[in-house]
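S.K.: here you go, sequence then predicted model.
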Amino acid sequence: MEEMKQQGNNNGHSHAHGGHVHVHAPRTIDRIFIFCILINLLFVAVEAVVGLAENSLSLLSDAGHNLSDVFSLALVLVAFRLSRVHSTKRFTYGLKKSTVLISLLNAIILLAAVGAIVIESAHKFYEPTEVNGAAVSWTAAAGIIINGLTVILLMRGQKNDINVRGAFLHMAADTLVSAGVVVSGMAISMTGWYVIDPIVSIAIALVILASTWRLLSESLRLSLDGTPEGIDTEAIEKMIRDRHNVKDVHHIHIWAISTTTNALTAHVVTSDINAMEQTKTDIKKVLAEAGITHTTLEFETENCHCNGC
């Protein structure tokens, strides 16, 4: 029995990289992000100039929101670059975790933008200023085109990465916000009610808050090494238990190495230590299909495991 335990301990610790390709951000996504940053930065400049010239808080709020999204896009691009840094003795996972930290930073920046918009809107609500509704509408209409194009470009990548999904959600919200600004500009032109401008600005802030809340909660969970969204720990445990030669599994830990790579460690009790390699391969395969691509397994025998022989 001692011999079996030693064999399990020496050979049972393995890293599951095979059977599934890690989902790293492709190089093409870099070019997409660079293009989106440039066109949105150009639009922010135009929107800010028109907003200042026409005293439109809704345009300036939208410009500020778009600027925060440009900054977010730039941070995501930096995160992608950092995630490709190779591991070192000091950073054994490389810098992949930076993608999680940047998603959290993005959420915090957007919350700060919400606060700034609400404060300025409250001031404008009590002291409304004259606004050129037509200029506001035309400028915001251009924003619908720019933001819509960005959403289309990010649509595919948002399914696999929280950072890309965050950018996608922000730009989708921006498209709706721009549509709202168009409507407000038309309403101001027809009614002369300049108070509509700060009201729309507050509505913009609420849209930003709604789109940011989920990103913030998920980023916090990943930062604290919580189980990533979409992964059911009980279902994963059952998957492992259902493999041939597996009698039990315990000490399961699941966390995110980055926004695209999930990891698992577990102790597996096997009925046949000699079939350990095949059992390991089977477990790795089902875990990869479940979205866990980095697996460390420690094998134990029924009569000799971490609780003692």
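M.R.: That came through fine.
S.K.: domain parsing for the chain?
M.R.: The chain breaks down into these domains under automatic domain parsing: 2-19+228-301, 27-223.
S.K.: those domains into a markdown table, with extra columns for mean pLDDT and mean neighbour count?
M.R.: The C-beta positions use only the backbone N, C-alpha and C, and glycine is treated the same way. Listed next are those as a markdown table, based on pLDDT from 0 to 100; neighbours: other Cβ atoms under 10 Å:
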| stretch | mean pLDDT | mean neighbour count |
| --- | --- | --- |
| domain 2-19+228-301 | 81 | 17 |
| domain 27-223 | 80 | 19 |
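S.K.: all helices of the stretch 151-300 of the chain, in order?
M.R.: Along the stretch 151-300 of the chain, counting by DSSP state H, counting those that start in this stretch, helices occupy 162-191, 196-223, 233-241, 276-289.
S.K.: now distance to Ile34 too, for those helices, in CSV please.
M.R.: Listed next are these as CSV, based on distance: least, Cβ to Cβ, whole Å:
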stretch, distance to Ile34
helix 162-191, 13
helix 196-223, 22
helix 233-241, 37
helix 276-289, 31
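S.K.: nearest to Leu41, of those?
M.R.: helix 162-191 (13.3 Å; Cβ to Cβ).
S.K.: mind giving me the packing neighbours of that closest one?
M.R.: helix 27-53, helix 57-83, helix 98-126, helix 133-154, helix 196-223 (3 or more Cβ pairs under 8 Å, 6 or more residues apart in numbering; DSSP states H and E).
S.K.: okay, those helices in CSV with distance to Thr261 next?
M.R.: Shown next, in CSV, are the helices and strands packed on helix 162-191 (distance: least, Cβ to Cβ, whole Å):
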stretch, distance to Thr261
helix 27-53, 15
helix 57-83, 8
helix 98-126, 9
helix 133-154, 20
helix 196-223, 11
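S.K.: of all these, which lies closest to Ala172?
M.R.: Going by Cβ to Cβ, the one of the helices and strands packed on helix 162-191 nearest Ala172 is helix 133-154, 5.1 Å.
S.K.: just list what that closest one packs against, helices and strands only.
M.R.: Using 3+ Cβ pairs under 8 Å, 6+ apart: helix 133-154 touches helix 27-53, helix 57-83, helix 162-191.
S.K.: just how off-centre is the second one within its chain?
M.R.: Helix 57-83 has its average C-alpha position 14 Å from the chain's average C-alpha position, going by Cα atoms, centre = their mean, to the nearest Å.
S.K.: what of the longest one?
M.R.: Taking Cα atoms, centre = their mean, one finds helix 162-191 lying 21 Å from the centre of the chain it belongs to.
S.K.: returning to that earlier point: nearest to Phe168, of the helices and strands packed on helix 162-191?
M.R.: Ranking those by proximity to Phe168 (Cβ to Cβ) places helix 133-154 first, at 4.3 Å.
S.K.: who touches the closest one?
M.R.: Residues outside helix 133-154 that contact it (Cβ atoms under 8 Å, 6 or more residues apart in numbering) are 32, 35-36, 39-40, 43, 46-47, 50-51, 53-54, 56, 58-59, 62, 66, 164, 167-168, 171-172, 174-175, 178-179, 181-182, 184-190, 197.
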